[in-house]
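Enquirer: give the three-dimensional model of this entry:
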Amino acid sequence: MIKGCHKNIVFLKDTGSELFDEAYFILKPNTKDKREADIISEATKIVNSLDDGNKKKGRGRLGKLIFFLAGAIIGSGTMLIIHLALI
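Expert: Numbering: from 1, shown residues only. So this is what the prediction gives:
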C-alpha cells in the first residue's frame, strides 16, 4: 500500500485505436502550467502514432525469417520427393 503519493493521470477511453481500448498517462510534475486540452491532444497523438507505426511496420524481421524458412523447407521437401520419385 502506498501512502501520501499523488500522481496526475490522464485516462483516454475508447481511443479509436485498433490496438488500444484504453490508455493511461502519468504526467510529469512540471505539467502544472499546461492546458488540459494540450495534454489530452498530446496523449491522443501518442496513441495514434503507436497505432500508425504498427500498421506501417507490417511483418517484422522474425516474421520474414519464419516465412523464408518455411518456403525453403517446403521447396526442399518438394525437390526430395521429386528426386525419390525419379530413382
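Enquirer: residue 17 is in what secondary structure piece?
Expert: Element membership for residue 17, per DSSP states H and E: none, as it lies in no helix or strand.
Enquirer: ramachandran coordinates for it?
Expert: Per-residue torsions, residue 17: phi -80, psi 150 (degrees, to the nearest 10).
Enquirer: distance of it relative to residue 61?
Expert: Distance of residue 17 to residue 61, computed by CB to CB, to the nearest Å: 24 Å. In this view, the C-beta of every residue, glycine as well, is placed from N, C-alpha and C.
Enquirer: so between those two, which is more surrounded?
Expert: Just comparing residue 17 and residue 61: by other CB atoms under 10 Å the higher neighbour count belongs to residue 17, 17 against 7.
Enquirer: and for residue 20, the neighbour number?
Expert: Neighbours around residue 20, by other CB under 10 Å: 14.
Enquirer: touching, residue 15 and residue 25? I think so.
Expert: No: using CB atoms under 8 Å, residue 15 makes no contact with residue 25, being 11.5 Å away.
Enquirer: low-confidence stretches in the protein?
Expert: For the chain, the stretches with pLDDT under 70 are 1-7, 51-59.
Enquirer: which parts of it are helices?
Expert: Assigned by DSSP state H, the helices in the chain fall at 36-57, 61-86.
Enquirer: closest to residue 8 out of those?
Expert: Nearest to residue 8, of all these, is helix 36-57, at 8.9 Å by CB to CB.
Enquirer: can you list the helices of the chain in a markdown table and add distance to residue 9?
Expert: A markdown table is the format used below for these (distance: least, CB to CB, whole Å):
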| stretch | distance to residue 9 |
| --- | --- |
| helix 36-57 | 10 |
| helix 61-86 | 34 |
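Enquirer: any idea which of those is most buried?
Expert: Mean neighbours per residue, mean count of other CB atoms under 10 Å, is largest over the helices of the chain for helix 36-57, with a mean of 12.
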